[in-house]
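Student: when you get a sec, could you give me coordinates for this:
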Amino acid sequence: MGEKSKSKGCFGWFLVLVLLALVVGAIVYTIKKKTSHSDKPAPVPGPPGAVEKKYAEALKVAMQFFDVQKSGKLVNNKISWRGDSALKDGRDMGLDLTKGMYDAGDHMKFGFPMAFTATVLSWAILEYGDQMDVVDQLQPAQDSLKWITDYLISAHPKENVLIVQVGNPDKDHKCWERPESMTEERPLTQVNTSFPGTEVAAETAAAMASASLVFKKSDSTYSSSLLKHAQQLFNFADNHRGSYSVSIPQVQNFYNSTGYGDELLWAASWLYHATGDHSYLQYVSGKNGKDFANWGSPSWFSWDNKLAGTQVLLSRLSFFSGKDISGNSGLQMYRKTAEAVMCGLLPKSPTATTSRTESGLIWVSEWNSLQHPVASAFLATVYSDYMLTSRTAELTCDGHSFKPSDLRDFAKDQADYILGNNPLKMSFLVGYGKKYPQYVHHRGASIPADATTGCRDGFKWLDSKKPNPNVAVGGLVGGPFLNETYIDSRNNSMQAEPSTYNGAVIVGLLSSLVTTSSAVQSFT
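Tutor: Predicted coordinates:
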């Protein structure tokens, strides 16, 4: 009797404890559901590893190029030879479009690549902001990002109207002058319901959605504004489909789009991360994924093609999210395609791409050849860190296994080549190392700050045999030819011109390498 009563009493207390545990568990689960977009919380970074001095120094150099490219009334100007410029941009339409950044060595504001710059810079901050902070580069990165997003907000005055260009590129390229000296008219070009531009509207939506996450904690009001613009622009892009290259034939000679499906998927992916709204997840994994994602076919990540970036970004969900994601066959295809992209990059993989120089640099295009290896290396480090943080030990490529460290080694090889470990023993990052390009195709850098030349007579500085009087510090030039030669000439815009979007991908890559170990951060 005694033993039986004792057991019964213990069992009663056990039921009470179980009920208490269930109640506590339900409360914790509810809190998690309110603070996270998935059943499984996103990873929280641990302390970064030791600083890699080479990459830290290169990052500090690369970050300065955003200051070189800034338009408008400069605040805390850190570039001695730059000053206020384009202070009337947008005035004809009653808009303030003075901010933003010049595209490359010219003075155009092309909305398509500028928005891509903002999206990639946001992604770099979201993944590697803690590492940027270790070397005091997080605040400069956020300041540069906001300089662009302030412009993008002003460029979106109505739900279905987006200013996508400031300046006339044909006329702009007939001038060689300092931005501070510009007196020419700078007309505005827009997309709207009559002249749609799905790819540029969607890329701008991606930029604003990703940036809304960057500023979510530091400035919630600004973050909410960005997100509202992002949602409106995505709806505009999706509901009024049409290529901006068709609506604005002039852009075909500068930033011609090869299609808008990738931008729609890219924007929806960022909007899902920013909102947790599953309709965006359904958008990318359902019919639109089947129509536009080219599952199973690896591609190159660039200002024109966002598929590889989308595949890696959506892989984040399969690495870190809960059961509601694991059963999504569309998302599984994004992950498989991202794996195929990684396998193509690894030099010892059976499916390794042959698009490389003899020294191992990824090489795809004569024009701006460095964009693809830098963008590829950035994706490789991100994917490597997803594997490490989620404790995914191996990547299988056609029966061969590779570790996260193999992807990181590939990325470091590409970065090291760019920083001077190449046949020319020259850094392609202007201002970094003992030897770097001296005749960069960049108007402001090529003209003395006290020069009084204007649009036409300024061409003497383009043709000058002397090195640039100003250093376009942080500019990543176009890069080498396939035979690994480089002609250091201002007239060689194919190789010698730096671009703002190159600045974003090199900052992303260097940020991922700035410490000996990385851990991805939470987006929420």
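Student: which SS state does the nearest residue to Pro448 once chain neighbours are set aside fall under?
Tutor: Closest residue to Pro448 apart from its sequence neighbours, by CB to CB, 6 or more residues apart in numbering: Pro469 at 4.8 Å. For every residue, glycine as well, the C-beta is placed using N, CA and C. Of the three states, Pro469 takes coil under DSSP: H, G, I helix; E, B strand; the rest coil.
Student: distance of Pro469 from Gln438?
Tutor: Distance, Pro469 to Gln438, using CB to CB, to the nearest Å: 11 Å.
Student: wait, doesn't the residue nearest to Pro448 sit right on Ile447?
Tutor: Yes: here Pro469 lies in contact with Ile447, judged by CB atoms under 8 Å, at a distance of 7.3 Å.
Student: ok, these two, which is more surrounded?
Tutor: Taking neighbours as other CB atoms under 10 Å, Pro469 and Ile447 compare with Ile447 leading, 25 against 15.
Student: residues contacting the residue nearest to Pro448?
Tutor: Pro469 makes contacts with 81, 445-449, as judged by CB atoms under 8 Å, 6 or more residues apart in numbering.
Student: okay if I get those residues as TSV plus pLDDT, distance to Pro423 and secondary structure?
Tutor: TSV is the format used below for those (pLDDT from 0 to 100; distance: CB to CB, whole Å; DSSP: H, G, I helix; E, B strand; the rest coil):
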residue	pLDDT	distance to Pro423	secondary structure
Trp81	98	32	coil
Ala445	98	26	helix
Ser446	98	27	helix
Ile447	97	32	coil
Pro448	96	33	coil
Ala449	95	35	coil
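Student: can you tell me which of the residues you listed is nearest Thr275?
Tutor: Proximity of those to Thr275 (CB to CB) peaks at Ala445, which lies at 41.3 Å.
Student: just give me the neighbour total for the closest one.
Tutor: Neighbour tally, Ala445, other CB under 10 Å: 26.
Student: quick one: it and Asn470 touch, right?
Tutor: Yes: counting by CB under 8 Å, Asn470 is a contact partner of Ala445 at 4.5 Å.
Student: what touches both of the two?
Tutor: By CB under 8 Å, 6+ apart, the residues touching both Ala445 and Asn470 are Trp81.
Student: so where's the stretch 251-400 of the chain uncertain?
Tutor: Applying pLDDT under 70 to the stretch 251-400 of the chain flags residues 322-324, 326.
Student: cool, and the chain?
Tutor: Within the chain, the segments meeting pLDDT under 70 span 1-48, 322-324, 326, 524.
Student: wait, what's in contact with the residue nearest to the spatial centre of the chain?
Tutor: With distances taken as CA atoms, centre = their mean, Val120 lies nearest the centre of the chain, 1.0 Å away. Going by CB under 8 Å, 6+ apart, Val120 touches 309, 378, 501, 504-505, 508.
Student: that's a strand at it, yeah?
Tutor: No: counting by three-state DSSP, Val120 is not part of a strand but helix.
Student: quick check: Phe195 touching Ser247?
Tutor: Yes: counting by CB under 8 Å, Ser247 is a contact partner of Phe195 at 3.9 Å.
Student: between those two, tell me which one has more neighbours.
Tutor: Neighbour comparison, Phe195 and Ser247: the larger count goes to Ser247, with 19 against 15 (by other CB under 10 Å).
Student: what's the following helix or strand after the helix or strand hosting Phe116?
Tutor: Here Phe116 is covered by helix 111-134, with elements defined by DSSP states H and E. Sequence order places helix 138-154 as the next helix or strand after helix 111-134, per DSSP H and E.
Student: now do that following helix: distance to the chain's middle.
Tutor: Here helix 138-154 is found 13 Å from its chain centre; the criterion is CA atoms, centre = their mean, to the nearest Å.
Student: and the next helix or strand after it, what does it pack against?
Tutor: Remark: after helix 138-154, the chain's next helix or strand is strand 162-166, criterion DSSP H and E. The contact analysis (3 or more CB pairs under 8 Å, 6 or more residues apart in numbering; DSSP states H and E) places strand 162-166 against strand 109-110, helix 111-134, strand 188-191, helix 198-214.
Student: contacting residues for the nearest residue to Gly100 once chain neighbours are set aside?
Tutor: Of all residues not flanking Gly100 in the chain, Tyr151 sits nearest, at 3.4 Å (CB to CB, 6+ apart). The neighbours of Tyr151, taking CB under 8 Å, 6+ apart as the test, are 97, 99-101, 109, 114.
Student: which one (most neighbours) among these?
Tutor: Result: Met114 is most packed of the contacts of Tyr151 (other CB under 10 Å), 32 neighbours.
Student: I figured Val166 was touching Lys109, is that so?
Tutor: Yes: at 4.0 Å, Val166 counts as touching Lys109 under the criterion of CB under 8 Å.
Student: so what sits against both of those two?
Tutor: 89, 97, 100.
Student: tell me how far the last one lies from Leu395.
Tutor: This points to Gly100. From Gly100 over to Leu395 (counting by CB to CB), the distance is 39 Å.
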